[in-house]
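Peer 1: starting from these lines, generate the structure:
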Amino acid sequence: MGLPEQTEIRRELDGLTAVFRTRADADLAIEHLTQEYRIDPAFIYVEPVDAENSAGVIASGGDHAAGAPSHSERPDAPLHGSIQLTVPVRHAALPALIKALEDVGATDIELF
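Peer 2: Prediction:
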């Protein structure tokens with residue numbers, strides 16, 4: 001009877017979404033989740049909040065002109081909205097992960 005066992009495992013997990021203003025912040029969050037909290041990157045879902053592909057709402061890192069750090073935005077950088085990560089999380093790890101995501105720039109975190 002594998003089904004009840006699988007259901008019990010599923011109940012140990014929550015999920016959360018975290019929204020980031022830049023691709024660099026989202027990348028840093030993924031790095032922390034995978035390296036410090038050992039979350040398999042295959043289970044971290046990354047998507048734009050809006051319908052169009054996006055690098056965030058402000059330019060960062062390689063989204064600056066010529067890839068060099070500056071305050072000038074590239075005219076072709078796809079700045080169409082925020083980036084959202086969706087992550088499965090064990091109940092016991094929720095407080096630590098929420099704090100870690102806030103520390104790297106999450107602007108909105110929701111549990112589900």
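
Peer 1: now the helices for this structure?
Peer 2: Along the chain, the stretches classed as helices by DSSP state H are 2-11, 23-35, 94-103.

Peer 1: okay, now the closest residue to Leu33 other than its chain neighbours: neighbour count?
Peer 2: Once flanking residues are discounted, Leu33 sits nearest to Ile39: 4.5 Å by C-beta to C-beta, 6 or more residues apart in numbering. The C-beta positions use only the backbone N, C-alpha and C, and glycine is treated the same way. Residues lying near Ile39 (other C-beta atoms under 10 Å) number 19.

Peer 1: and Ile39, what does it touch?
Peer 2: Leu33, Val87, Pro88, Val89 (C-beta atoms under 8 Å, 6 or more residues apart in numbering).

Peer 1: tell me how far the third one lies from Glu47.
Peer 2: Think Pro88. Pro88 is 15 Å from Glu47, where distance means C-beta to C-beta, to the nearest Å.

Peer 1: still on that earlier bit, from Asp50, how far out is the residue nearest to Leu33?
Peer 2: From Ile39 over to Asp50 (counting by C-beta to C-beta), the distance is 25 Å.

Peer 1: now do Glu36
Peer 2: 29 Å.

Peer 1: tell me the pLDDT at the residue nearest to Gly105 when sequence neighbours are not counted?
Peer 2: Take Gly105 and drop its neighbours on the chain: the residue closest to it by C-beta to C-beta, 6+ apart is Asp25, 3.7 Å away. pLDDT for Asp25: 91.

Peer 1: neighbours around Asp25, how many?
Peer 2: If we define neighbours as other C-beta under 10 Å, then Asp25 has 24 of them.

Peer 1: many thanks, I have nothing further to ask.
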